[in-house]
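>>> here are the coordinates; sequence isn't available:
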């Protein structure tokens, strides 16, 4: 039966391990020789899909769909983290350059990063996706730690207020212009 399954695989689209060969109502094993059971030319054999292989394929498709959904979700969070990391870099440049940044800006950015950390935690991950999930979680942690340091540094900066004394001009005599009138 094993050789028959191999020969039928290209025509059925099923691997030999996914096929069941039945003769006279009984399933025949791969190791059995069909001629020992009375199979001759023009004998009727039934080849069907093994229900266990169908179930395995279904489970594999479900697993692949979960992995794909998890990868998609992690990828979306990674894109958002890229944008937030750029904002962290911008704040770092401002603070290191001596410019004070509104504390609410830093706090809001920390809050956004923490929301992304929670989203990452909610993504079910298996061995295939856990490394990507952990990588993004470390990125969030690094950004939050940098912002905590920046918050302290920013608090030490003095706010610079620049005032300007504007020069005023005395009012000049009114300008009188003679206009020429045409008919």
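Thanks, I have it. Keep in mind that what you see is a predicted model, and the values were worked out from it rather than measured.
>>> what's the longest helix in this protein?
Identified as the longest helix of the chain according to DSSP state H is helix 51-96.
>>> I'd like to know how far the spatially most central residue of the chain sits from residue 133.
The residue lying closest to the centre of the chain (C-alpha atoms, centre = their mean) is residue 75, at 1.8 Å. Separation of residue 75 from residue 133 (C-beta to C-beta, to the nearest Å): 11 Å. To be clear about C-beta, it is placed using only N, CA and C from the backbone, and glycine gets the same treatment.
>>> Enumerate every residue touching residue 111.
With contacts defined as C-beta atoms under 8 Å, 6 or more residues apart in numbering, residue 111 has no neighbours.
>>> Quick check: the gap between residue 104 and residue 91.
12 Å.
>>> okay, the two: which has more neighbours?
It is residue 91, of residue 104 and residue 91, that has more neighbours when counted by other C-beta atoms under 10 Å, with 21 against 8.
>>> ok, the more buried one - contacts?
101, 105, 106, 109, 147, 150.
>>> Now do the same for the first one: helix, strand or coil?
Going back to what we said before, that points to residue 101. coil (DSSP: H, G, I helix; E, B strand; the rest coil).
>>> burial measure for residue 59, as a count.
10.
>>> And the protein, what are its domain boundaries?
Following the TED database, one finds the domains of the chain at 1-49, 66-156.
>>> Dump those into JSON lines; add mean pLDDT and distance to residue 178 as well.
Converted to JSON lines, the domains of the chain look like this (pLDDT from 0 to 100; distance: least, C-beta to C-beta, whole Å):
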{"stretch": "domain 1-49", "mean pLDDT": "74", "distance to residue 178": "101"}
{"stretch": "domain 66-156", "mean pLDDT": "92", "distance to residue 178": "56"}
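>>> Cool, thanks, talk later.
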